[in-house]
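Participant: This is the structure alone, sequence omitted:
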């Protein structure tokens, strides 16, 4: 399923629009960036509360399809700019990670 | 990183790459005053202001051949997320001092982790470089200085198994004392 389709089905807010045609093949949850960096699968949707510039760097390194900020977590201004620059899709939801992951598991 | 000792390892390896001959690692912590400060000082080649700015920029570091990596940006974030601070002071030809200060009781405080193993590994893997490790708590302080060890050891290298064992045991004993026997 593409990122765009997931946005529509789960009613996610789009904060930064990257490549919405990218496939999402799995889901990864984590807030400890050094941990996520080596473990988030490529093409996954990464669920986190960390909306800072380092998160964008981790998303780029891990090559995830999108970052989904759960529980309406904030996105820093400099992180938004870097995400736009590097074509990283950032979405947001009021759901917590568990609830969103359950919904995602029905779709992918 | 899941423990601060891994950040210390990362920064100290930068010191090694900067061709330092002396690396001083200081850990000062106090439950009474609620802080933990880590400082890594070297006499390596140092950096320009632009280079310092680049090592704390995760995008600069991730887009190179990963000689630096995300280590420094994450080290900085770990300190700042506790309400602490982070600084790098560097001078070309003189060396670099990296300092991370933490509010120890903060809920997002990363554990110090196994700092003794980090020190022992650094010494064992870089026997030609001198390391000074100073660890201070409310109960006291101890120092391990490889320059003093060399005076006693003469031609015996610091990576000799018996020496490594002695260093490991010394760090363990001294740490138990400054942690009040725990």
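Facilitator: Cool, the structure landed. It should be emphasised that the depicted structure is a prediction, and the values quoted were computed from it without experimental measurement. Numbers count the residues shown, from 1 in each chain, chains lettered A, B, ... in the order given.
Participant: Neighbours of the residue in chain A that chain B sits nearest to, how many?
Facilitator: Closest residue of chain A to chain B, C-beta to the nearest C-beta: residue A:57 (3.5 Å). For every residue, glycine as well, the C-beta is placed using N, CA and C. By other C-beta atoms under 10 Å in any protein chain shown, the residues close to residue A:57 number 26.
Participant: Leaving out sequence neighbours, find the closest residue to it.
Facilitator: residue B:58 (3.5 Å; C-beta to C-beta, 6 or more residues apart in numbering or on different chains).
Participant: check contacts around that neighbour.
Facilitator: Contacts for residue B:58 (C-beta atoms under 8 Å, 6 or more residues apart in numbering or on different chains) come out as A:53-54, A:56-57, B:70, B:73.
Participant: For stretch A:76-86, buried residues please.
Facilitator: By 16 or more other C-beta atoms under 10 Å in any protein chain shown, the buried positions in stretch A:76-86 come out as A:76, A:79-80, A:82-83, A:86.
Participant: could you pick out which of those are near chain B?
Facilitator: When contact is defined as C-beta under 8 Å from any C-beta of the partner chain, the buried residues of stretch A:76-86 meet chain B at A:82, A:86.
Participant: Close to chain A: what parts of chain B are there?
Facilitator: B:1-2, B:6, B:58-59, B:61-62, B:70, B:73-74, B:77.
Participant: Assign a three-state SS to the residue nearest the centre of chain A, would you?
Facilitator: Against the mean C-alpha coordinate of chain A, by C-alpha atoms, centre = their mean, the closest residue is residue A:67 at 1.2 Å. Secondary structure for residue A:67, judged by DSSP: H, G, I helix; E, B strand; the rest coil, is strand.
Participant: pLDDT score assigned to it?
Facilitator: On pLDDT, residue A:67 comes in at 98.
Participant: where does the chain have low pLDDT?
Facilitator: Unless you meant another one, I'm taking chain A. Within chain A, no stretch has pLDDT under 70.
Participant: that's the other chain; I wanted chain B
Facilitator: Within chain B, the segments meeting pLDDT under 70 span B:61-69, B:181-182.
Participant: I'd like the buried residues of stretch A:76-86 laid out as TSV, including secondary structure.
Facilitator: Converted to TSV, the buried residues of stretch A:76-86 look like this (three-state DSSP):
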residue	secondary structure
A:76	coil
A:79	helix
A:80	helix
A:82	helix
A:83	helix
A:86	coil
